[in-house]
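A.B. asks: Fold the following for me, if possible:
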Amino acid sequence: MKAINRIIERARAAPQRIVLCEAEDPRILQAAQRATREGTARIMLVGDAARIRQAAAGADIGLAGMDVIDPASSALTPSFAQKLFALRAKKGMTLEDARREVLKPLCFANLMVRLGHADGSVAGAVHTTADVVRTAIQVIGIHPAFKLVSSFFLMMLCEPFHALKGGLIFSDCGLVVDPDAGELAEIAMAAADSAQSLLMDTPRVAMLSFSTSGSARHAAVDKVVEATRLVTAQRPGLAIDGDVQLDAAIVAEIAMKKIEHSRVEGRANVLVFPSLEAGNIGYKLAERVGGAKAIGPLLQGLQKPANDLSRGCSADDVFYVIAVTAVQAQAAAQARTEAPMAAQLS
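C.D. replies: The predicted structure is shown next:
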């Protein structure tokens, strides 16, 4: 089964409440209808209710099974404004500012996730990445285990001509421009968590460089080596190689020749790029030249799931991100359940 199909099946097994705040866009409505029809998620549409219904009628899309929530008339709006004010008052936000801001569908949708009225949010077909990420950070917040939010692409290599089959995590390809060693270590650990939840496989992390096992000397290599050391110190059980060139990361025969004590053994399913420049080029090469399907950019490091879309996305792209967000929400809920149990046992 293709990796994306496994994700969709897992989403269906325990449908999550996914909120969409760009519901006047036909692509969003088409994906919402499919997700509802196939049982992938419980869809919640936020925005001007009359305009959403008009857009749905114009696209011949039924809204049965979906919740339509209008911030202008919702009973949740006053309490959401109070919560937003409490969150942002130290940054200079007044209560009146909060009352205006909460009427914006993107803000309202993220507050729904923050306050437990939804399990995950998807936006970006209309909003910019900057708006989506900033709102998610300000409203949902960064997970206590991390200091920054980063991104990843879920790369699907499922065609007959692909020598390497299955799903790969590419990170960071969309947000952090030039991470230092500490930030790169955080990106690697977040990407490993993403692989665990989405690929349903043991993470095997390659910290990419133009050097393998010290074959080149440069400050850029030193950064990757130090990031690898930090990850190993914090997660000693994680399979990780670094510094490592791409071929040694994904080809077992080359790994055997180049890496004396490899923990990944040329079977990496998480590729961590040393900079945004490298990551952006890498995922686009895999997509445009290698024929991989790129799903994302997806966000990691938040307290609860909120994901971005490309403004050039298709309805299929939106559907896939809904499914991914649902599986992330399942993993987040499981982690919240296990945390008190672990604390009791410690």
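A.B. asks: Can you give me the distance of G279 to D243?
C.D. replies: 16 Å (Cβ to Cβ, to the nearest Å). Using the backbone N, CA and C atoms, a C-beta is placed for each residue, glycine as well.
A.B. asks: For the stretch 51-200 of the chain, which segments are assigned as helices?
C.D. replies: In order along the chain, the stretch 51-200 of the chain carries the following helices (DSSP state H, counting those that start in this stretch): 77-88, 95-101, 105-114, 129-135, 181-198.
A.B. asks: Any chance of JSON lines for those helices, columns distance to L309?
C.D. replies: What follows is those, written out as JSON lines (distance: least, Cβ to Cβ, whole Å):
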{"stretch": "helix 77-88", "distance to L309": "23"}
{"stretch": "helix 95-101", "distance to L309": "22"}
{"stretch": "helix 105-114", "distance to L309": "12"}
{"stretch": "helix 129-135", "distance to L309": "8"}
{"stretch": "helix 181-198", "distance to L309": "17"}
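A.B. asks: For S74, give me the pLDDT.
C.D. replies: For S74, the pLDDT comes out at 97.
A.B. asks: wait, what's in contact with it?
C.D. replies: Contact criterion Cβ atoms under 8 Å, 6 or more residues apart in numbering gives F108 as the residues in contact with S74.
A.B. asks: domain ranges for this structure?
C.D. replies: Listed by automatic domain parsing, the domain ranges of the chain are 10-141+313-345, 150-293.
A.B. asks: so which of those comes closest to A3?
C.D. replies: Nearest of the domains of the chain to A3, taken as Cβ to Cβ: domain 150-293 at 3.3 Å.
A.B. asks: for that closest one, how far is the first residue from the last?
C.D. replies: End-to-end span of domain 150-293 (Cα to Cα, to the nearest Å): 20 Å.
A.B. asks: Going forward, the N-terminal residue is numbered 35.
C.D. replies: Fine by me, first position is 35 from now on; the one you just mentioned is domain 184-327.
A.B. asks: Quick check: mean pLDDT of it?
C.D. replies: Per-residue pLDDT over domain 184-327 has a mean of 93.
A.B. asks: gap between that domain and the chain center?
C.D. replies: 16 Å (Cα atoms, centre = their mean, to the nearest Å).
A.B. asks: if we can go back for a sec, buried deepest among the helices of the stretch 85-234 of the chain, which one?
C.D. replies: Counting by mean count of other Cβ atoms under 10 Å, helix 139-148 has the highest mean neighbour count of the helices of the stretch 85-234 of the chain, with a mean of 26.
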